[in-house]
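*Asks:* Only the shape, not the letters, is given here:
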């Protein structure tokens with residue numbers, strides 16, 4: 001299959017504005033665009049498990065403005081045994097560590113970025129900005145993580 005796609009202006013705008021999930025958009029000369037699959041850094045099944053577990057973690061304890069906090073409100077790493085509250089991304093890091101024992105967070109954050117972005121896309125915010133927005137609630141963040149897991153499972 002030829003990856004070069006000739007598109008109308010409307011299609012170009014749609015693709016440009018889309019959250020592409022597991023694809024990447026490359027603009028090349030002559031205003032032609034190439035859409036190529038991005039290899040998934042993590043098995044999609046694991047991504048769903050991580051997002052589901054992250055929702056459970058946030059349900060147990062949530063914070064804003066920090067990756068994780070201990071009982072006294074002191075910042076700790078998301079994987080630290082003393083952590084009792086996590087932000088959206090901190091919960092993803094903690095879940096990945098719990099499920100795999102690994103700490104190479106770049107791969108899991110790359111794998112979860114698409115589904116998280118699709119879940120919060122109507123808000124036009126990053127995961128961190130969504131989590132830290134004034135008035136945001138623990139239940140809302142938990143729901144978006146669960147929605148991201150459902151979206152990834154159906155992707």
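*Replies:* Looks like it came in fine. As the structure is a prediction and not an experimental result, all values here were calculated from the model.
*Asks:* how far away is residue 84 from residue 102?
*Replies:* Between residue 84 and residue 102 the distance is 22 Å, computed by C-beta to C-beta, to the nearest Å. C-beta coordinates here come from the backbone N, C-alpha and C atoms, glycine included.
*Asks:* The two - which one has more neighbours?
*Replies:* residue 84 (16 against 11; other C-beta atoms under 10 Å).
*Asks:* Run through the residues that contact that one.
*Replies:* 60, 61, 69, 70, 71 (C-beta atoms under 8 Å, 6 or more residues apart in numbering).
*Asks:* Buried ones among those residues?
*Replies:* residue 69 (16 or more other C-beta atoms under 10 Å).
*Asks:* At which residues are the helices of the chain located?
*Replies:* 9-17, 44-60, 88-100, 105-120, 127-132, 138-154 (DSSP state H).
*Asks:* In TSV: the ones you listed, plus mean pLDDT and distance to residue 75.
*Replies:* Formatted as TSV, the helices of the chain follow (pLDDT from 0 to 100; distance: least, C-beta to C-beta, whole Å):
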stretch	mean pLDDT	distance to residue 75
helix 9-17	40	36
helix 44-60	94	16
helix 88-100	92	10
helix 105-120	78	16
helix 127-132	92	14
helix 138-154	94	18
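*Asks:* Go through the ones you listed and pick out the most buried.
*Replies:* Of these, the one with the most neighbours on average (mean count of other C-beta atoms under 10 Å) is helix 88-100, at a mean of 24.
*Asks:* So which other helices or strands are in contact with that helix?
*Replies:* helix 44-60, strand 83-86, helix 105-120, helix 127-132, helix 138-154 (3 or more C-beta pairs under 8 Å, 6 or more residues apart in numbering; DSSP states H and E).
*Asks:* so how far is that helix off the chain centroid?
*Replies:* 11 Å (C-alpha atoms, centre = their mean, to the nearest Å).
*Asks:* what's the closest of the helices and strands packed on helix 88-100 to residue 96?
*Replies:* Among those, helix 105-120 comes nearest to residue 96, with 4.1 Å by C-beta to C-beta.
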